[in-house]
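Colleague: Just to be clear, the model below is a prediction. Sequence and coordinates:
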Amino acid sequence: MTGTITRLVDSRQVGSIAAEDGHEYGFAASALRGVEFSQLSIGAAVNFTPAHTSNARRAEVVSSVR
């Protein structure tokens, strides 16, 4: 799935993605592939694998769109 980064919290190394399905997905730096957290910016396009827990939507295997 693709989306756009909407929030980055440097101190916690987490962020959120507005996805093409209209939902927000949270992610942690540990989900990044091929890109470092410091290289991300608000508005950047990313690909990710959506995952759902009982109380949240999560983005896994997050990578930059090239």
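Modeller: That came in fine, so what should we check first?

Colleague: any weak-confidence spans in this structure?
Modeller: Within the chain, the set of residues satisfying pLDDT under 70 is empty.

Colleague: all strands for it, in order.
Modeller: Ranges of strands in the chain, per DSSP state E, are 2-9, 14-19, 24-28, 45-52, 57-64.

Colleague: what would the ones you listed look like in CSV with mean neighbour count and distance to residue 34?
Modeller: Heads up, the C-betas are built off the backbone N, CA and C, glycines and all. Output for the strands of the chain, formatted as CSV (neighbours: other Cβ atoms under 10 Å; distance: least, Cβ to Cβ, whole Å):
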stretch, mean neighbour count, distance to residue 34
strand 2-9, 16, 15
strand 14-19, 20, 16
strand 24-28, 19, 14
strand 45-52, 16, 10
strand 57-64, 18, 5
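
Colleague: Out of these, which gets nearest to residue 38?
Modeller: strand 2-9 (9.7 Å; Cβ to Cβ).

Colleague: Which strands or helices does that closest one pack on?
Modeller: In terms of contacts (3 or more Cβ pairs under 8 Å, 6 or more residues apart in numbering; DSSP states H and E), strand 2-9 is packed against strand 14-19, strand 45-52.

Colleague: got TSV for these, with distance to residue 25 too?
Modeller: TSV is the format used below for the helices and strands packed on strand 2-9 (distance: least, Cβ to Cβ, whole Å):
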stretch	distance to residue 25
strand 14-19	5
strand 45-52	6
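
Colleague: Return stretch 10-24 as PDB; C-alpha atoms alone will do.
Modeller: C-alpha atoms of stretch 10-24 as PDB (Å, rounded to 0.1, in the frame of the first residue of the first chain):
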ATOM      1  CA  ASP A  10      12.200  12.300  16.400                       C
ATOM      2  CA  SER A  11      12.600  11.700  20.200                       C
ATOM      3  CA  ARG A  12      10.600   8.500  20.000                       C
ATOM      4  CA  GLN A  13      11.600   7.400  16.400                       C
ATOM      5  CA  VAL A  14       7.900   7.000  15.500                       C
ATOM      6  CA  GLY A  15       5.600   8.500  12.900                       C
ATOM      7  CA  SER A  16       2.300   8.200  11.100                       C
ATOM      8  CA  ILE A  17       1.300   7.600   7.500                       C
ATOM      9  CA  ALA A  18      -1.900   8.800   5.700                       C
ATOM     10  CA  ALA A  19      -2.700   5.800   3.500                       C
ATOM     11  CA  GLU A  20      -4.500   5.500   0.200                       C
ATOM     12  CA  ASP A  21      -7.300   3.700   1.900                       C
ATOM     13  CA  GLY A  22      -8.100   6.800   4.000                       C
ATOM     14  CA  HIS A  23      -6.800   5.500   7.300                       C
ATOM     15  CA  GLU A  24      -3.800   6.600   9.400                       C
END
